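Visitor: next comes the sequence, and after it the predicted model I'd like to discuss.
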Protein chains: 2
Amino acid sequence: MKPKVVILGAGYGGLMTVTRLVKKTGIHEVDITLVNQHHYHYETTWMHEASAGTLHHDRCRYQIKDVIHPQRVHFVKDTVKLIEQKEKKVIMENGELTYDYLVVALGAVPETFGIPGLKEHAFSITNINSARQLREHIEYQFATYNTEAEKRPERLTIVVGGAGFTGIEFLGELGNRVPELCKEYDIDRQKVRLICVEAAPSILPGFDQELVDYAVHDLEAKGVEFKIGTAIKECTKKGIVCGKNDTIEEIKAGTVVWAAGVRGNPVIEQSGFENMRGRVKVKPDLRVEGYQNVFVIGDCSLMINEKTERPYPPTAQISMQQGETCAKNLAALIRGKETESFSFENKGSVASLGEYNAIGLTYGKKVTGTIASIMKKMIDNRSLFLIGGPRLVLKKGKFKFF
Amino acid sequence: MKPKVVILGAGYGGLMTVTRLVKKTGIHEVDITLVNQHHYHYETTWMHEASAGTLHHDRCRYQIKDVIHPQRVHFVKDTVKLIEQKEKKVIMENGELTYDYLVVALGAVPETFGIPGLKEHAFSITNINSARQLREHIEYQFATYNTEAEKRPERLTIVVGGAGFTGIEFLGELGNRVPELCKEYDIDRQKVRLICVEAAPSILPGFDQELVDYAVHDLEAKGVEFKIGTAIKECTKKGIVCGKNDTIEEIKAGTVVWAAGVRGNPVIEQSGFENMRGRVKVKPDLRVEGYQNVFVIGDCSLMINEKTERPYPPTAQISMQQGETCAKNLAALIRGKETESFSFENKGSVASLGEYNAIGLTYGKKVTGTIASIMKKMIDNRSLFLIGGPRLVLKKGKFKFF
């Protein structure tokens, strides 16, 4: 009777847990099942490229079977609907599973903060499906512009709500993509508007001011208009209504993209976990308070950074590090040993500004320009390496610069 | 005081007229002006490929300046609004021109026969703008399918109204394109429906029955469903309503394409020419009854085939032959000589069924399969050759088979 470990989600956290758990345990010690709604893993942090159309979505995903051990891991392609904690059971669309240990790594979904119309009319950069839909939607707007006797300039207006990592990186890609689209559809570049609306007083919160200024300058040079300190009040079929102080403005736009925040997977709330915006507060060893056998990692987990007294942001870097700790702790529990505490080692972060530019802070050092852009590609390749080794890097890596 | 010849339209007929007139006359004899709404000529007969996305639209067009003599022809990029016959004047969007001789070669627009909703909701295969919009619309439907929690199979349904040349050739291209789209967007091919609705009792009217059967068989094997003898009654946002005898059926479809007929350019009617569906009945020398100085050629002209007692269909082959006769007659008039009568030399016609198959009748011989497909590409290359010589064939020709 081997203990059954079930891991929900094959994102950064889930795949790190699975691959590390296989290495740390023997075949007779544990029975491992991985559940994911697609046959593939996709690079969440590359979706701004797939959405803009600067990198094909097939370059941003790989088959899960290519990175898991075929004899050690049982893969189930299904969508998780509910976790029944008392019965130690996972209910899926097409079946159910029982577990002795559970790892919830189901990732995040967009958070629209109740702003009316966003769910219905705004696009998102969340996953492969939404990214290629957004790419095609933008292309369709450009393709339609010249077919109309009465030209509608708003078809060529793209509003991005949110100037965090995703919003800024997406605008950077559009800076490269828009001139290509203009050529493809015989459109004057001057007619295209890229507008970034951000409620906070600055873009890229948490980034150094010098780097923020660098990014603003670069994106403005690529034609991006910033509306900072401006909140989106409503999204409609025709565009957005936004406001700064007491001034309300309507912006007509054929494309509105919402990139201003995420919350944990709805399965968390539906399964009765205590949570904040779908994120479960976890103990230092990543288990949920009150449960000896349930781990939550990645974007569904909430952990306080003791230095800043604020929660860690949902990033791939943290998810992957948590996956490693989670695998260690699972191995320890199976062997009746003590679990260890997770500690985040911040390797810094780099935000790209299109293909040839980026800004970032790595190991405490500010970087910009080509160097930063190369570092960004190295970070992207490192995720591939950690999960799939050198073979996966060769297959899906970003090499243009090397 | 050289006589001024103004040619309206740089389609097959207009460009043949211009290039031949330049060859037949000297620089001191005549002043030639060509007016066209775009900087480019496009291959109307290739638009089914650009619409399906099997051939890029840039492969289907070329710059007009590349095929006209820079010292002999004055090119005006503008849209013709009205011909004032008495004042011998052409009114355009941004200016006007006077002429001594006029050639109207403004081509055709889709004819919707008053069927409600077609103008608003159906796409067309008419020109570069409409072709790339249709291509992108179809792609957007496929891109959206997997983003919706509740799947809408009608997104993957394409209805083609009309089983003439354009409709059939477009369906042939879709036969090649749909499997690619399914791969791109993770969609099961079985979920895609291609439906051809034709009011007449057969597809490809005028074609030999054996060839028609061949085409039906080939397209059905590629997944096309035929609804023959069935008229489209209405087109809505959701699809079409069609009927056969007393049975009315609603077909939900994300894409409806209208390919069942054309009429002459609206400028004809607006300028007070006597016409039938925008086509002007011309004398044997291609001039309009009652006008010594106005020629109408191509899809705007109406000429009776004396053998069948029916009008010649609007085809590229006839337009180009008319362009040659028109140039000859213009040269004759300028020199005070007699005009000659146009006579159509039918070289046959070939309809493609996707990239590797076709059916046709050339010089009285039936052809099908690869041979027919090669002949189709030779016909396409011949149009390029006649207007732009070997250089244009090398630049824009179709060579895959050779």
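Guide: On my side now, so go ahead. Numbers count the residues shown, from 1 in each chain, chains lettered A, B, ... in the order given.
Visitor: tell me which element residue A:280 falls in.
Guide: In this assignment (DSSP states H and E), residue A:280 forms part of strand A:280-281.
Visitor: tell me which other helices or strands that strand touches.
Guide: strand A:301-302 (3 or more CB pairs under 8 Å, 6 or more residues apart in numbering or on different chains; DSSP states H and E). No exception for glycine: its C-beta is placed from N, CA and C like everyone else's.
Visitor: which residues sit against the strand it packs on?
Guide: Outside strand A:301-302, the residues that touch it by CB atoms under 8 Å, 6 or more residues apart in numbering or on different chains are A:264, A:275, A:276, A:279, A:280, A:281, A:282, A:286, A:311, A:322.
Visitor: next one: stretch A:269-277
Guide: A:81-85, A:111, A:263-264, A:268, A:278, A:280-281, A:288-289, A:296, A:302.
Visitor: and those, which of them are buried?
Guide: Neighbour-count burial (16 or more other CB atoms under 10 Å in any protein chain shown) is assigned, among these, to A:83, A:85, A:111, A:263, A:264, A:268, A:278, A:280, A:281, A:288, A:296, A:302.
Visitor: tell me the pLDDT of the fifth one.
Guide: Note on residue A:264: pLDDT of 97.
Visitor: next: the first one.
Guide: In this model, residue A:83 is scored at 98, pLDDT.
Visitor: surely it is in contact with residue A:90?
Guide: Yes. Contact criterion CB atoms under 8 Å: residue A:83 and residue A:90 qualify, at 5.7 Å.
Visitor: what touches both of these two?
Guide: What both residue A:83 and residue A:90 touch, as defined by CB under 8 Å, 6+ apart, is the set A:8, A:102.
Visitor: ok, the contacts of strand A:301-302 vs chain B, which is closest?
Guide: Among those, residue A:264 lies closest to chain B (CB to the nearest CB), at 18.3 Å.
Visitor: for that closest one, grab phi and psi.
Guide: For residue A:264, the backbone dihedrals (degrees, to the nearest 10) come out as phi -70, psi 160.
Visitor: same check, this time on the one 3 residues further on
Guide: Torsion angles at residue A:267 (phi, psi; degrees, to the nearest 10) stand at phi -60, psi -30.
Visitor: which residues does the spatially most central residue of chain A contact?
Guide: For chain A, residue A:44 is the residue whose C-alpha lies nearest the centre (CA atoms, centre = their mean; 4.0 Å). Contacts for residue A:44 (CB under 8 Å, 6+ apart) come out as A:11, A:12, A:107, A:126, A:127, A:316.
Visitor: got TSV for those residues, with pLDDT, secondary structure and distance to residue B:115 too?
Guide: Below are those laid out as TSV (pLDDT from 0 to 100; DSSP: H, G, I helix; E, B strand; the rest coil; distance: CB to CB, whole Å):
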residue	pLDDT	secondary structure	distance to residue B:115
A:11	98	coil	50
A:12	97	helix	54
A:107	97	coil	48
A:126	95	coil	41
A:127	97	coil	40
A:316	96	helix	53
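Visitor: out of the residues you listed, which is most surrounded?
Guide: Top of these by neighbour number is residue A:12, holding 29 neighbours under the definition other CB atoms under 10 Å in any protein chain shown.
Visitor: roughly how far apart are that one and residue A:383?
Guide: Per CB to CB, to the nearest Å, residue A:12 is found 7 Å from residue A:383.
Visitor: so what's the residue count around residue A:139?
Guide: Neighbour tally, residue A:139, other CB under 10 Å: 21.
Visitor: torsion angles phi and psi at residue A:74?
Guide: Torsion angles at residue A:74 (phi, psi; degrees, to the nearest 10) stand at phi -90, psi 120.
Visitor: hey, what's it bridged with?
Guide: Bridge pairing for residue A:74 (DSSP bridges) gives the partners residue A:33.
Visitor: I'd say it and residue A:35 touch.
Guide: No. With contact defined as CB under 8 Å, residue A:74 and residue A:35 do not form a contacting pair (9.5 Å).
Visitor: name the residues that touch the helix or strand just after the strand holding residue A:280?
Guide: Going down the chain from strand A:280-281, the next helix or strand is strand A:294-296, by DSSP H and E. Residues from elsewhere that reach strand A:294-296, judged by CB under 8 Å, 6+ apart: A:85, A:101-105, A:268, A:273, A:280, A:282, A:286-288, A:326, A:329-330.
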